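S.K.: Sharing a model prediction with you, sequence too.
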Amino acid sequence: MRCAPGTGRRIAWLVLAGILGVNPGPGQTHSQGFEKQGGFIAPDGGLSLARRHQDMHAAPTNPAFHVLSYKLDLFLAMVNENFAGRNQITLVMKAPADSLVLYQLKLQIDSISVNGVQRGYTTDDANERFTVHLGSLHQSGDTLRMIVAYRRLPEIPRQTDRLGYYYFNTTIPDTIPGLPANLGYTMSEPGDARCWMPCYDEPWEKSTAEISVTVPEGYVAASNGRFLGTALNGDGTITWHWKEGHQIATYLMCATVSKFTNPVSNLTVAPGDTIPVEYFAWPRDSALTAAYIPTVKQMITNLGNLYGPYPWDKYGMSSVTPFAYGGMEHQTITTLHEFLQTNQDVVVHELSHQWWGDLVTCGSWPDIWLNESFATYSEALWRETLGGPVALRGFMKGMLGFENGSWTGAVYNPEGQGLYLFSDVVYSKGAWVLHTLRGAIGDSAFYRSLRMWRQLYSEKSAVTADFQAAVESVTGRDMSWFFGEWIYSPGWPVYSMAYDWGGGTLTLRIAQQQHEEYPTYAWPTYTMPLQVRVYTGTRDTTLTVRDSLLTQDFSFTLPARPDSVVFDPDGWVLHDAWKPIGPPPVPGIPLSFSLMQNYPNPFNTSSTIGYVVPGIMSQFAAAVGVKLTVYDLLGRTVVTLVNEREPPGEYYTRFDATARASGVYFYRLEIQSGGGGGASTAVKKMVFVK
Ligand SMILES: [Zn+2]
């Protein structure tokens, strides 16, 4: 799923618009800013939605059966949101039982037969279930064919954010200006398939699906899998018939209906395997969508090169509005918001879900990052295809979201942390974690791991531990350190690096400052391979260090003083920077007292002040009293930035003036000399301009 574009406020409005049938207006298509938004926010607030989903998944029924197939017939009159359905569920017993529990939410069940015999049933809307009484004990291995006839009735009130089936009508022009035809579609992730078909909808349960949709003649119905044809029924209706013979989870099943045109083009995805690539779009969009199909084909080919050949019998997209999301990766037939129908980030995101989410499905909702982080990182990989490493780095940089509230959480199990299931932590932050993994194990192992992931769990569902095991089988290394830090733990590392050189030795100091910057969070101290690039004259050398402490020094032999040293030069590691640190001591180098000019100056939010505590640098040197104070023009103390004992060395601190008045400030450094006698002082001026 891709969330709707815009800020959180905008999203809430869009969602509401989707529910109420309000057209959100043009101007939604943009790329970079769109990546950083905070995710879909429900009208009732993300938290209550999160809690409800948590309740929903807290105690999943462990079924006594496995569903082999759904054969669903939907009857959509396309005049209101009501419909009728008939679902033939073929299942095999896994344990002896005389009743079966499946899901439904506010459907009117008219009859249930099992192996041709009418059976009694009870419905339980509060728990979104229904129980079928089989009349006798069925044994493990028995195959049952259950047929459920049901309807959605107008008199059954529903929660507006969990409709499952959404319907919009052109005869309400005030609310949907310009809707070209009546529109009906299903949208189920995570647990709303039960709103439009009785089923067992959990992401770990997969089966085949054959879906027929009967609508008034003139309407086109798009659904999963191969198109089997249409049949005119002689009563003014037409039946569209689709079959997904591959394994599919219920939340990926769909029906999308309107008066669509259907531009289509063929693509060879593997030797001897040609599939149709098609759009279902309104006539006003048909030229645009037809012209975009070659780009989609290029995306399919490219993702196929990275992840293995496209797995399904077709790839289709339908374009709709109103729609409360950017896109939804229904298996073989993505639903896209009309305003984003040619937005490359959204299109490639949903397409990549056909591998990550559809072919290999998250085994539980806490594992949702296995869908969304992978799809979001696929957006970055598409940019890399087009523009190389520079484009990749630029895109990843644009996706940083340290200010996004959900980012402080762990990538695994957002709901378990009180976050909305589809928070940005599983999109952008999770994509960054995959990028960091790629940097840590290298391109070859990274892509082999993805291929292994696919090979092991194709047409199945799997959880985070399974993905870790796939990476471990490829790298031959225990990866629990990486998954522990980056997937199961909240937060991110805050790194600062400084260096010095003397006597043919380069000394690096790397500090992790996340505990200082975010003292209230229980974030890990990271163990990470980190790259540092040393530039000397026309040469550069890349060094890799294994950093694992809050402050850690590393020494390398280097004959000449380097021109510069750059931390994480290729941008592989998700991290933030905070305050600068002083360089590590290089033994035997004498330092003299110094107060540096602040930088930048003038400044408009904060500025960094550097100073040198004099003495011979050595790890055994004694600390002396250091005080750094900021004064205003009248000589009043504004803030004391430093007041502690520090050994000889170069130090930096930051003056944050955001809450201060504009104007001139002074800063004064006072350092006690060793042995208690006298002090060195210096004063400099800085200018704060708001
Ligand atoms: Zn997605």
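M.R.: On my side now, so go ahead.
S.K.: how deep is the residue of the stretch 51-200 of the chain found nearest the ion tucked in, by neighbour count?
M.R.: Distances between the stretch 51-200 of the chain and the ion by C-beta to the ion are smallest at residue 189, namely 8.9 Å. Every residue, glycine included, has its C-beta placed from N, CA and C. If you count neighbours by other C-beta atoms under 10 Å, residue 189 ends up with 23.
S.K.: Can you check what pLDDT the model gives residue 654?
M.R.: For residue 654, the pLDDT comes out at 87.
S.K.: was I right about it contacting residue 607?
M.R.: Yes - here residue 654 reaches residue 607: they are 7.2 Å apart, a contact under C-beta atoms under 8 Å.
S.K.: For the stretch 551-690 of the chain, give me the ranges with low pLDDT.
M.R.: Applying pLDDT under 70 to the stretch 551-690 of the chain flags residues 587-588, 617-620, 674-677.
S.K.: same question, the chain
M.R.: 4-62, 173-175, 587-588, 617-620, 674-677.
S.K.: Tell me how it divides into domains.
M.R.: Domain ranges of the chain: 367-486, 495-567, 590-688, per automatic domain parsing.
S.K.: First-to-last residue distance for the longest one?
M.R.: Think domain 367-486. Taking C-alpha to C-alpha, to the nearest Å, domain 367-486 runs 14 Å from one end to the other.
S.K.: Relative to residue 1, which of the domains of the chain is closest?
M.R.: Closest of the domains of the chain to residue 1 is domain 367-486, at 6.3 Å (criterion: C-beta to C-beta).
S.K.: mind checking how far that closest one is from the chain centre?
M.R.: In terms of C-alpha atoms, centre = their mean, to the nearest Å, the centre of domain 367-486 is found 8 Å from the chain centre.
S.K.: Please apply the same query to stretch 655-668.
M.R.: 39 Å.
S.K.: which phi and psi does the residue positioned nearest the centre of the chain have?
M.R.: In the chain, the centroid-proximal residue (C-alpha atoms, centre = their mean) is residue 427; its distance is 1.3 Å. Residue 427 adopts backbone torsions of phi -90, psi -80, taken as degrees, to the nearest 10.
S.K.: The residue of the stretch 51-200 of the chain closest to the ion against residue 249, yeah?
M.R.: No - at 9.3 Å, residue 189 does not count as touching residue 249 under the criterion of C-beta under 8 Å.
S.K.: which of the domains of the chain sits most buried?
M.R.: Mean neighbour count (mean count of other C-beta atoms under 10 Å) peaks for domain 367-486 among the domains of the chain, with a mean of 20.
S.K.: does the ion sit close to it?
M.R.: Yes - Domain 367-486 is in contact with the ion by C-beta under 5 Å from the ion, via 372, 375.
S.K.: Quick one: neighbours of the residue nearest to residue 254 when sequence neighbours are not counted, just the number.
M.R.: Residue nearest to residue 254 in three dimensions, not counting chain neighbours: residue 330, with 3.9 Å by C-beta to C-beta, 6 or more residues apart in numbering. Using other C-beta under 10 Å, residue 330 has 30 neighbouring residues.
S.K.: rewinding a little: reformat the domains of the chain as TSV; add distance to residue 321.
M.R.: Below are the domains of the chain laid out as TSV (distance: least, C-beta to C-beta, whole Å):
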stretch	distance to residue 321
domain 367-486	20
domain 495-567	40
domain 590-688	40
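S.K.: out of the ones you listed, nearest to residue 81?
M.R.: Across the domains of the chain, closest to residue 81 is domain 367-486 (C-beta to C-beta), at 24.1 Å.
S.K.: need the contact list for the nearest residue to residue 523 once chain neighbours are set aside.
M.R.: Excluding its sequence neighbours, the residue lying closest to residue 523 (C-beta to C-beta, 6+ apart) is residue 491, at 3.2 Å. Residue 491 makes contact with 408, 514, 518, 521, 523, 524, according to C-beta atoms under 8 Å, 6 or more residues apart in numbering.
S.K.: returning to that earlier point: nearest spatial neighbour of the residue of the stretch 51-200 of the chain closest to the ion, chain-adjacent residues omitted?
M.R.: Leaving out its chain neighbours, the residue that sits closest to residue 189 by C-beta to C-beta, 6+ apart is residue 251, at 4.5 Å.
S.K.: mind checking the SS state of the one you found?
M.R.: helix (DSSP: H, G, I helix; E, B strand; the rest coil).
S.K.: State the distance from whichever residue of the stretch 401-550 of the chain sits closest to the ion to residue 456.
M.R.: Relative to the ion, the nearest point of the stretch 401-550 of the chain is residue 427 (7.3 Å; C-beta to the ion). As judged by C-beta to C-beta, to the nearest Å, residue 427 and residue 456 stand 25 Å apart.
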